[in-house]
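>>> What shape does this take:
(2 chains)
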Amino acid sequence: MSESQEWTTVIKPKDKLLAVDFKELWRYRDLFTLFVKRNIITQYKQTVLGPLWFVIQPVLTVLMYMVVFGGIAGIATDGIPQPLFYLAGTCMWHYFSDCLLKTSNTFVSNSGLFGKVYFPRLITPLSNVTSNLLRFGIQMGLFIIVYVIYAIGGCTAHLTWYILLFPLLVIMMAGLALGFGVLISSLTTKYRDLQILFSFVISLWMYATPIVYPLSLAKGKMALGMDLYTIMRLNPVTPVLETFKYGALGAGEFVGWSWLGYSFVFMVVLLAVSIVVFNKTQKSFMDTV
Amino acid sequence: MAIAIEFNNVSKQYRLGLVSTKTLSHDIHRWWTVNIRGKEDPYLKIGSVNDRSSKADSEYVWALKDIDFKVEQGDVVGIIGKNGAGKSTLLKILSKVTGPTTGSIRARGRIGSLLEVGTGFHPEMTGRENIFLNGAILGMTKAEINRKLDEIIDFSGCERYIDTPVKRYSSGMTVRLGFAVAAFLEPEILVVDEVLAVGDAEFQRKAIGKMQDVSKGEGRTVLFVSHNMASIQQLCHHGILLKNGMVEKTGNVREVVDYYLGSMQTVNDFNREGNGAVRIIDFRIQNSSISLGENLEIEVDIEAKQNVTTIDASFDIKDESGKQVAHVASNDDEFQIGAMRSGEKKTIHCVIKNVNLAPGGYTSSIWIGTPYVEYDMVINCVRFSVTQNDTFIKRGTPYDKYSKVVLPSNWKQL
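Numbering: from 1, shown residues only, chains lettered A, B, ... in the order given. This is a model prediction of the structure:
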């Protein structure tokens, strides 16, 4: 090699803000697939029921909701059979919250690995979001089976054209979870307070999202002097979930393109911000984690 | 020769102590000064030199300070220094695990780093799956690993267990598998931390051999950290000695290692015991590499901190495994140092005669005291080696490694 050859690696204290090295990410694509594979393989190793757990969890949750919210509280479900209504909400929400929880402690739980070798750190949360799709797929399968059983029995639930948005909705769920998770993982490396706060914020968040009740219930109601229907739709997860429920079950009404667009823009901005913060953190987190 | 790596005034600052509200207030102050008032980071100006044993006078410490050197392409450089001298921090910055506080590093070619063997191994996955995972973490592509898979498995010597989960492996097997993957990394620049210190003797020979192939035959640039001076001298051409986060000496590996071993031998670098009524302040060893059967001469300077009436002295000699092999005491020679007044200094001279310890490396502690009180003991501070010669050992091959002493013998047939 000659003297004139350019420097290929330069290590400096700070990088440019939005310097996501997509070329580097692409170069490590094999690591991404191997991480996804690892997450899937190791999830149910040495369990007797294995992937069956993916099914048991939503079934028990739905039964619980039927007793508490459907039975005791008597909350309406837009005229949809309770199991179908709850299952649609839980499957979507669980995908979101699983991704969020997994990615939100990326730095803390991988500090052993990150401290010994360099690879684009973003690979880890990306692979988590991807490998969770398997569980989501199995749960969707369960949803379809239950749906078919109800359809044969002749119920009011019916598909609408909006179901074609389903792939986009999943991407938006993943994007929002990734954005929030990555942002939180970066903020919690130094001050763990946020992590403690966050773990119960997730559980409260579920109640702010129309899962155990239909969004239509909020119509015309006021809370703290503001229109509750509008506030609820400000939650970026709500329009995604409502669109899915309307598309798959014909429940309630379509949330509107502007609100769905709002969620989408929210996701894009969130992703951009969180990746900037993530990039800034990955340089120094080993010293503070 | 072209330069492969260039360090330009690289420094790394760490904060000591725990993360607390004080950290938050410092962070806010730093953010205010840098981002709002547009000035320099106030905490970069302070910070003390990284000396582990002295009490810190600042919360901030420079783990590395103004590191500035160049490494030529194809050179094998050994980085040496005591624990906490900054070796691992240097390698971490070079492997991009953490960023420098100031300064920059420029390099030509892909940097592969090996700070640990078996990084990212998942205990539930089989050996084969872990080869792929570990290889990918280290920067190899799947195709690359596939191509080298047979060689890797062969080198690891774990063929029989390759489809068994790694959690069933012995710790030695895990290390072998981890090193085998790393051994087939092919970056232009290889950064290796103390990873050869693990595993059994056979494996270490194999690992060092592989490292030699990598550096000699394939002409790659290697930065190598180790505490094992023998393997440093065997592998490296140049040495860099770090002390308290700064470059103390660079040059030919032989010179740097000699300088390091020489500078190591001051009593303050070692653990010690005793009540301190009399202190060992220095010692000298006549010849730290003696031939089998020769005398070993040691001088010890002592200083009384209190008035004492009598002082005995002794050496406890240990072999490389840390087992004590001899106790050499002044009272066996009916020798004693008489009374000393506080502040008085004296020098003891001792000749250990006809050292017939089996060839190898030894350390010795220096002890002073009385049968009832221990004044001072500097642990394992004296280092010397006994080399094989043909006065007592006429065979050409190395002396039996399990022996502790050489007993000269005469043989005849009756």
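>>> need the residues of chain A near chain B, please.
By CB under 8 Å from any CB of the partner chain, the part of chain A that sits against chain B consists of A:1-3, A:5-14, A:27-28, A:30-31, A:33-35, A:37-38, A:41-42, A:45-46, A:113-119, A:190-191, A:283-284, A:286-288. The C-beta positions use only the backbone N, C-alpha and C, and glycine is treated the same way.
>>> Just the buried ones from those?
For the residues of chain A next to chain B, a burial check counting by 16 or more other CB atoms under 10 Å in any protein chain shown picks out A:9, A:11, A:28, A:30-31, A:34-35, A:37-38, A:113-119, A:190, A:283-284, A:286-287.
>>> got a list of what residue A:71 touches?
If you count contacts by CB atoms under 8 Å, 6 or more residues apart in numbering or on different chains, residue A:71 has none.
>>> let me redo that: residue B:354
Residue B:354 neighbours (CB under 8 Å, 6+ apart): B:293, B:294, B:295.
>>> hey, which helix or strand in the chain has the poorest pLDDT?
I went with chain A, as the question did not name one. Least confident helix or strand, chain A: strand A:222-223 with a mean of 73, by mean pLDDT, DSSP states H and E.
>>> not what I meant, chain B
When the helices and strands of chain B are scored by mean pLDDT, DSSP H and E, strand B:48-49 comes last with a mean of 61.
>>> my hunch is that residue B:380 is in a helix, does that hold up?
No - the assignment for residue B:380 (DSSP: H, G, I helix; E, B strand; the rest coil) gives strand, which keeps it out of a helix.
>>> Residue B:366 is in contact with that one, correct?
No - using CB atoms under 8 Å as the test, residue B:380 is too far from residue B:366 to be in contact (9.6 Å).
>>> And the two? Which one has more around it.
Legend: neighbour count by other CB atoms under 10 Å in any protein chain shown for residue B:380 and residue B:366, higher for residue B:366 (25 against 16).
>>> Which secondary structure state is assigned to the more buried one?
Classification of residue B:366 using three-state DSSP returns strand.
>>> And residue A:195, by the same measure?
Following three-state DSSP, the label given to residue A:195 is helix.
>>> ok, it - contacts?
With contacts defined as CB under 8 Å, 6+ apart, the neighbours of residue A:195 are A:104, A:105, A:108, A:184, A:188.
>>> Recalculate using a threshold of 6 Å.
By CB atoms under 6 Å, 6 or more residues apart in numbering or on different chains, the contact set of residue A:195 is residue A:188.
>>> And it, how far from chain B?
13 Å (CB to the nearest CB, to the nearest Å).
>>> just residue A:40 next, same as before
From residue A:40 to chain B the distance is 11 Å (CB to the nearest CB).
>>> My read is that that residue contacts residue A:130, right?
No - here residue A:40 does not reach residue A:130: they are 9.5 Å apart, not a contact under CB atoms under 6 Å.
>>> Taking the stretch 51-200 of chain A, what residue is nearest to chain B?
Chain B sits closest to residue A:118 of the stretch 51-200 of chain A, with a gap of 3.9 Å, by CB to the nearest CB.
>>> in a strand, that's where that residue is, yeah?
No - applying three-state DSSP, one finds residue A:118 to be coil, outside a strand.
>>> What's the per-residue pLDDT of it here?
Here, the pLDDT recorded for residue A:118 equals 86.
>>> ok, now which ones touch it?
Each residue near residue A:118 by CB under 6 Å, 6+ apart is listed here: B:95, B:96, B:97.
>>> Low-confidence stretches in the stretch 101-250 of chain B?
Along the stretch 101-250 of chain B, segments meeting pLDDT under 70 span B:195-201, B:217-218, B:230.
>>> Can you pull the phi/psi pair for the residue of the stretch 51-200 of chain A closest to chain B?
Per-residue torsions, residue A:118: phi -100, psi 130 (degrees, to the nearest 10).
>>> What are the phi and psi values at residue B:107?
Note on residue B:107: its backbone torsions stand at phi -140, psi 150 [degrees, to the nearest 10].
>>> Show me the helices in chain B, by range?
With helices called from DSSP state H, chain B shows them at B:21-31, B:87-94, B:127-137, B:142-156, B:171-183, B:201-212, B:229-235, B:253-264.
>>> Could you dump the ones you listed into a markdown table and include mean neighbour count and distance to residue A:178?
Converted to a markdown table, the helices of chain B look like this (neighbours: other CB atoms under 10 Å in any protein chain shown; distance: least, CB to CB, whole Å):
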| stretch | mean neighbour count | distance to residue A:178 |
| --- | --- | --- |
| helix B:21-31 | 12 | 26 |
| helix B:87-94 | 23 | 28 |
| helix B:127-137 | 24 | 21 |
| helix B:142-156 | 16 | 24 |
| helix B:171-183 | 22 | 30 |
| helix B:201-212 | 16 | 40 |
| helix B:229-235 | 17 | 44 |
| helix B:253-264 | 16 | 49 |
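>>> Looking at those helices, spot the one closest to residue A:205.
helix B:21-31 (26.2 Å; CB to CB).
>>> Tell me how many other residues surround residue B:189.
Using other CB under 10 Å, residue B:189 has 22 neighbouring residues.
>>> which residues does it form a beta bridge with?
Counting by DSSP bridges, residue B:189 is bridged to residue B:111, residue B:221.
>>> In the one helix or strand residue A:143 maps to, which residues are buried?
Assigned by DSSP states H and E, residue A:143 falls within helix A:123-153. For helix A:123-153, burial by neighbour count (16+ other CB under 10 Å) applies to A:123-133, A:135-136, A:138-140, A:142-143, A:146-147, A:150.
>>> Please apply the same query to stretch B:93-107.
Of the residues in stretch B:93-107, B:93-103, B:105-107 count as buried by neighbour count, 16+ other CB under 10 Å.
>>> so what's residue B:109 closest to, chain neighbours aside?
residue B:188 (2.8 Å; CB to CB, 6 or more residues apart in numbering or on different chains).
>>> Hmm, that neighbour is touching residue B:111, no?
No - under the criterion of CB under 6 Å, residue B:188 is not in contact with residue B:111, lying 7.8 Å apart.
>>> neighbour-wise, which of those two wins?
A direct count of neighbours by other CB under 10 Å for residue B:188 and residue B:111 places residue B:111 higher, at 24 against 20.
>>> Could you list the low-confidence segments of the stretch 251-400 of chain B?
Looking at the stretch 251-400 of chain B by pLDDT under 70, you get B:262-266, B:269.
>>> Where do the strands of it begin and end?
Taking DSSP state E, counting those that start in this stretch to define them, one finds strands in the stretch 251-400 of chain B at B:272-273, B:278-285, B:289-291, B:296-304, B:312-319, B:324-329, B:345-352, B:360-369, B:374-387.
>>> that older thread, from the contact counts, what lies against the helix holding residue A:143?
If you count contacts as 3 or more CB pairs under 6 Å, 6 or more residues apart in numbering or on different chains; DSSP states H and E, helix A:123-153 packs onto helix A:29-43, helix A:53-65, helix A:82-104, helix A:166-187.
>>> just how off-centre is that helix within its chain?
Distance of helix A:123-153 from its chain centroid, counting by CA atoms, centre = their mean, to the nearest Å, is 13 Å.
>>> What residues are bridge-paired with residue B:340?
residue B:308.
>>> burial measure for it, as a count.
Other residues close to residue B:340 by other CB under 10 Å number 21.
>>> How is chain B divided into domains?
Using automatic domain parsing, the domain ranges for chain B come out as B:3-9+B:68-110+B:187-262, B:267-387.
>>> ok so, going back, so which of the buried residues of stretch B:93-107 sit within strands?
Per DSSP state E, strands hold the following members of those: B:102, B:103, B:105, B:106, B:107.
>>> Wait, the first one touches residue B:11, no?
It refers to residue B:102. Yes - using CB under 6 Å, residue B:102 makes contact with residue B:11 at a distance of 4.8 Å.
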